[in-house]
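Participant: the following block contains a protein sequence and its predicted model.
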Number of protein chains: 2
Amino acid sequence: MPVDPNAKIEITAFAWVPSFAQGFVRDLRPRWACEEIGLAYAERLLEVDPRPAAYFLEQPWGQVPALKDDGVCLFESGAILLHLAEKDERLLPRDPQGRASTISWLFAAYNSVEPMMFELGNVDIFARGEEWAKLRRPSLMEFAGQRLDRLADALEGRDYLAGPFTIADIAMATVLREAGDTDLVSSRPALAAYRARCLGRPAFKRALDAQLAVFAANQPEGEAA
Amino acid sequence: MPVDPNAKIEITAFAWVPSFAQGFVRDLRPRWACEEIGLAYAERLLEVDPRPAAYFLEQPWGQVPALKDDGVCLFESGAILLHLAEKDERLLPRDPQGRASTISWLFAAYNSVEPMMFELGNVDIFARGEEWAKLRRPSLMEFAGQRLDRLADALEGRDYLAGPFTIADIAMATVLREAGDTDLVSSRPALAAYRARCLGRPAFKRALDAQLAVFAANQPEGEAA
């Protein structure tokens, strides 16, 4: 496991979050990238509430992950994935079209698919039971379904988005994982198979275990696990 | 003006769109980047409705822009901005921290700010008058306002997000432009000044004019301009 307190690379993560968020906090993405290539990283653990005030200077919204690498600071998991991927062609192909396809699909995950998942999270979790959420859900599911139909088309005949496995798949598979209990992914066999293929990689499981291990170690007394 | 039918770089754009979308289609972003550095590009114009079926092989959702550069194909305006910026340090600083900050803010525009603008567009334009949109608007405006407060904090004491002007500002300024007639930007002086500073650049005006010139040239008879 690449978690190493003395590693040159440091990734921020929360010491503990409520159970519904456990396994879904976005430091999962760079952890997964590091696991794929055996790159050592240190964890810097933050309280989730209240967030340390100084941290907003590193990450404008106080979110995780942020990354430090040899004095260079980054935030936004997409930027961090790209930074890590520049180190190893197993995450980002070196040929011009392979690189172009990977970065295109990376942005597609962050800007063309994940925004719908954010809103689905609002509708199904944060605003659950509110009138607007009930009324909004059908049109949101329809729009998301259309986007995912085209994503399924694009995956036809290939295992991963850009050919070989890349950071685009780390992003897209974790975004598709946010579809949660809906049938958005499960009702589309090509997408369900793709998501299962990505999440079935041993490096994903190690990254997930690493995130969950932190929460288990920092479980507050009296809070549900 | 860098529009040149014989240029090596080709950007897709729509031949015409309805008036509410004119000046807001996202080929504006790579046009702006090209204008900043005087990089010649050709336009490939597509019908918006129906979209040519073959185009979905280049862009999974049939959107613009897509880019071809010497045989290499990309899609997603964020990926295209990054590709163009690799050509010229006026769009992407060459020092490691400058590069890291630029790419962090680029993803912030696409994943942490624009998703709220998408939903605001749904509420104020596409679903205007629907009950859910009316009920949803206050909480969306509140959340967007919190995000933008932190963005304004981050801009304190600097003209541009990463220090010098970069592709992160092309992305963020065009995203903030999507706030339209709301007071989300105008009520925050630091943000309003930042947006005006970016959109006041001559290269932005040339890019906007180039997009609008295409629509004027392809105005269908009987449609409102």
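Facilitator: Happy to help now that I have it. Numbering: from 1, shown residues only, chains lettered A, B, ... in the order given.
Participant: where is the longest helix in chain A?
Facilitator: For chain A, the helix with the greatest residue count under DSSP state H is helix A:131-154.
Participant: which other residues reach that helix?
Facilitator: With Cβ atoms under 8 Å, 6 or more residues apart in numbering or on different chains as the contact definition, helix A:131-154 has outside contacts at A:112-113, A:116-117, A:119-120, A:122-124, A:127, A:161, A:172, A:179, A:182, A:184-185, A:188, A:190-191, B:56, B:60-62, B:127, B:130-132, B:135-136, B:139. Heads up, the C-betas are built off the backbone N, CA and C, glycines and all.
Participant: name the next helix or strand downstream of it, please.
Facilitator: Where DSSP states H and E defines the elements, the next helix or strand beyond helix A:131-154 is helix A:167-177.
Participant: what's in contact with that following helix?
Facilitator: A:24, A:26, A:28-29, A:32-33, A:36, A:77-78, A:81-82, A:84-85, A:91-92, A:101-106, A:108-110, A:113-114, A:117, A:151, A:160-162, A:185, A:191, A:194-195, A:198-199, A:204.
Participant: sorry, back to before: quick one: buried residues of the longest helix of chain A?
Facilitator: Of the residues in helix A:131-154, A:132-133, A:135-137, A:140-141, A:144, A:147-148, A:151-152, A:154 count as buried by neighbour count, 16 or more other Cβ atoms under 10 Å in any protein chain shown.
Participant: what of stretch A:12-24?
Facilitator: A:Thr12, A:Ala13, A:Phe14, A:Ala15, A:Trp16, A:Val17, A:Gln22.
Participant: mind listing the helices for chain A?
Facilitator: A:28-37, A:77-85, A:96-107, A:114-121, A:131-154, A:167-177, A:189-199, A:202-217.
Participant: in TSV: the ones you listed, plus mean pLDDT.
Facilitator: Formatted as TSV, these follow (pLDDT from 0 to 100):
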stretch	mean pLDDT
helix A:28-37	98
helix A:77-85	98
helix A:96-107	98
helix A:114-121	96
helix A:131-154	98
helix A:167-177	98
helix A:189-199	97
helix A:202-217	98
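Participant: quick check: pLDDT value at A:Arg51.
Facilitator: Note on A:Arg51: pLDDT of 93.
Participant: what about it, neighbour count?
Facilitator: Each residue near A:Arg51 was counted by other Cβ atoms under 10 Å in any protein chain shown, and the total is 16.
Participant: isn't it right up against A:Gly62?
Facilitator: Yes - between A:Arg51 and A:Gly62 a contact is recorded at 4.0 Å, counting by Cβ atoms under 8 Å.
Participant: which neighbours do those two have in common?
Facilitator: With Cβ under 8 Å, 6+ apart, A:Arg51 and A:Gly62 have no common neighbours.
Participant: ok, how many other residues are close to the residue nearest to A:Ile170 when sequence neighbours are not counted?
Facilitator: Nearest residue to A:Ile170, sequence neighbours excluded (Cβ to Cβ, 6 or more residues apart in numbering or on different chains): A:Trp32, at 5.1 Å. Using other Cβ under 10 Å, A:Trp32 has 29 other residues around it.
Participant: check contacts around A:Trp32.
Facilitator: Counted by Cβ under 8 Å, 6+ apart, A:Trp32 has contacts A:Ile170, A:Thr174, A:Ala203, A:Phe204, A:Ala207.
Participant: break chain A into its domains for me.
Facilitator: Residue ranges for the domains of chain A, per automatic domain parsing: A:9-90+A:203-217, A:96-201.
Participant: end-to-end on stretch A:114-128?
Facilitator: Here the two ends of stretch A:114-128 are set 19 Å apart, with distance taken as Cα to Cα, to the nearest Å.
Participant: residue at max distance from the center of chain A?
Facilitator: A:Glu131 (29.4 Å; Cα atoms, centre = their mean).
Participant: how much space between A:Val25 and A:Thr12?
Facilitator: Using Cβ to Cβ, to the nearest Å, we find A:Val25 at a distance of 10 Å from A:Thr12.
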